[in-house]
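> With the input below, show me the fold.
(one chain, ligands or ions: 2)
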Amino acid sequence: MTDNIQHIAVLGGGAWGTALAQTAARAGRDVVLWEHDAANAAQLAAKRESAYLPGVTLDDKIKVTHALKDTTQAQAILLVIPAQVLRSVVGALAPLIADRTPLVACAKGIEHGTHKFMTEIIAECAPKAVPAILSGPSFAADVARGLPTAVTIAATDADIAHALAHAMNSGTFRPYHSSDVRGVELGGATKNVLAIAAGIVNGRGLGASALAAMTTRGFAELVRFGRACGAKTETMMGLSGLGDLILTCGTPQSRNFSFGVALGKGETAATAAHGKLAEGVFTAPVLLEMARERNIEMPISEAVAAVIAGKLSVDAAIESLLTRPLKAEE
Ligand SMILES: NC(=O)C1=CN([C@@H]2O[C@H](COP(=O)(O)OP(=O)(O)OC[C@H]3O[C@@H](n4cnc5c(N)ncnc54)[C@H](OP(=O)(O)O)[C@@H]3O)[C@@H](O)[C@H]2O)C=CC1
Ligand SMILES: O=C(CO)COP(=O)(O)O
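Ligands and ions are numbered 1, 2, ... in the order given. Have a look, this model is predicted:
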C-alpha cells in the first residue's frame, strides 16, 4: 500500500497544515485538508486561504473538509495540529482508518503529564497505524511559497519512511528519510525551547556573540537529552536537530524566537506570544521534568522554564547561566 502513496490527508488548517497540503498537491498527490473548526473550515473552503497563512492561495486540487470521515481513505495522514491536542485527534481518527495507515506527526512538542513524544501518542491511541514523524528547518510561509526546503521523515519501518519522503517530494521540498524516529521528533521539540532562549538574548540586546554561545550550548543540551532518550547523535546533527536550531535561533520569523524577544524586552509570558502558537512554551516545563528524571543538566532549558513560570526574571536567569561553575566544554 505504501509503495505508491497517491492520496494524502492533512489534518490541521493552520500555517503548517496549509503549507504541507500545498506541498503535497505540488508533488502531484490527491489532497484533502481537514480543519476541526466549522467556521474556519468554511472560510478556508470559500476563500482558499488560511487565516494563519495570509497571501497563500490553496491549490485548486486541495479538497477542504470539516468531516473527519472524509480523510480516512487516505493512504497517509499528516497530523498538523498543536502537540497538546494530538491525542484527542488521533483518538477520534483511530477507529476510522485502515490498518497500517501511516500517521505522520508534524507537530513539534512533548505531551504534558505523560511525557510522551508524538509518535508514542500515535502508537498508544492508534495501535494499528504506523507512526511516523516529519520535522526539520521549514517555515510554513517559505514552504507554501515553494522556496527550497529540506526536512526529515522518520518511521521505524525504513520502507515506509522512504515511501512518505517520495510522496511529499516536490522538487523544492526535499524530504530525507530516517528510521531514527526518536532523534527526529526530539530535535524538533527541544529546539523550540532553545529558540526562546535565543530570542531572550536578542530581545535583551546581549549581542551576536552571546547569541552564538547560547545556540551552541543549547545544542549541547539537546544532544545530552537526546542521547539519554536513545536518539542517534548523527540525527541530532542533522536537519531536525542542528538544522532547525540554526533556523529558529536566528530570526524573528520563528514564533518561539519572537516569544523570547518579547520576554527579553520585558513582556510577560502571558502576552509575549501575541496570539500565536509558540510550542516551546508548552514543551519547556515537560523538558525540564524529563531532564530531572534522567539526571541530565539542561541549564538553558531550565532557565527558560523558570522565566515562563514567572519564577525568575530575565536578568536573574542570565546571571544564573553566567555564574555557573566553570567546567570542561562537553
Ligand atoms: N508554522 C510553521 O512554520 C511550522 C510549524 N510546525 C509545527 O506544526 C504544529 C502546528 O503549527 P501551525 O500550523 O504553525 O499552528 P497554527 O497555529 O498556524 O495552526 C494550528 C491549527 O491547529 C488547529 N487546532 C487547534 N486546536 C485543535 C484541536 N483541538 N483539534 C484539532 N485542530 C486544532 C487550529 O485550528 P483553529 O485555529 O481553527 O481552531 C489550526 O488549524 C506545531 O506543533 C508547530 O510547532 C512545524 C514546522 C513548521
Ligand atoms: O519549527 C519551525 C520551523 O522549522 C517553526 O518555528 P516556530 O514554531 O518557532 O515559528
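> give me the low-pLDDT residue ranges for the stretch 201-330 of the chain?
For the stretch 201-330 of the chain, applying pLDDT under 70 flags no range at all.
> In contact with residue 40: list those residues for me.
If you count contacts by Cβ atoms under 8 Å, 6 or more residues apart in numbering, residue 40 has them with 13, 51. For the C-beta atoms, the positions are set from N, CA and C on the backbone; glycine is no exception.
> helices or strands up against the one helix or strand residue 317 maps to?
Assigned by DSSP states H and E, residue 317 belongs to helix 314-322. Applying 3 or more Cβ pairs under 8 Å, 6 or more residues apart in numbering; DSSP states H and E, we find helix 314-322 packed against helix 181-203, helix 299-308.
> So for ligand 1, which of these sits nearest?
helix 181-203 (6.6 Å; Cβ to the nearest ligand atom).
> Distance check, the residue of the chain found nearest ligand 1 against residue 8.
As assessed by Cβ to the nearest ligand atom, ligand 1 sits closest to residue 14 within the chain, at 1.8 Å. The gap separating residue 14 from residue 8 is 17 Å, by Cβ to Cβ, to the nearest Å.
> which of these two has more neighbours?
residue 8 (27 against 18; other Cβ atoms under 10 Å).
> who's in contact with that one?
Counting by Cβ under 8 Å, 6+ apart, residue 8 makes contact with 24, 29-32, 74-78, 167-168.
> can you confirm it is in a strand?
Yes. With DSSP: H, G, I helix; E, B strand; the rest coil as the criterion, residue 8 is located in a strand.
> my read: residue 68 touches residue 92, true?
Yes. Counting by Cβ atoms under 8 Å, residue 68 does reach residue 92; the two are 6.0 Å apart.
> ok, these two, which is more surrounded?
Legend: neighbour count by other Cβ under 10 Å for residue 68 and residue 92, higher for residue 68 (16 against 13).
> Contact partners for the more buried one?
Contacts of residue 68 by Cβ under 8 Å, 6+ apart are 11, 34, 92-93, 96.
> Please pick the buried ones from those.
Buried by 16 or more other Cβ atoms under 10 Å: 11, 34, 93, out of the contacts of residue 68.
> In contact with the last one, which residues are there?
By Cβ under 8 Å, 6+ apart, the contact list for residue 93 reads 11, 68, 71-72, 77, 103, 126.
> between those residues, which has the most around it?
Most neighbours among the contacts of residue 93, by other Cβ under 10 Å: residue 103, with 29 neighbours.
> part of a helix, is that residue?
No. Assigned with three-state DSSP, residue 103 falls outside any helix and is strand.
> Name the nearest residue to it, ignoring sequence neighbours.
Nearest residue to residue 103 in three dimensions, chain neighbours excluded: residue 129, at 4.5 Å (Cβ to Cβ, 6 or more residues apart in numbering).
> wait, isn't the one you found in contact with residue 101?
Yes. Counting by Cβ under 8 Å, residue 129 touches residue 101, with 5.2 Å between them.
> circling back: output the buried ones among the contacts of residue 68 in a markdown table; the columns should cover distance to residue 49.
Formatted as a markdown table, the buried ones among the contacts of residue 68 follow (distance: Cβ to Cβ, whole Å):
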| residue | distance to residue 49 |
| --- | --- |
| 11 | 19 |
| 34 | 17 |
| 93 | 26 |
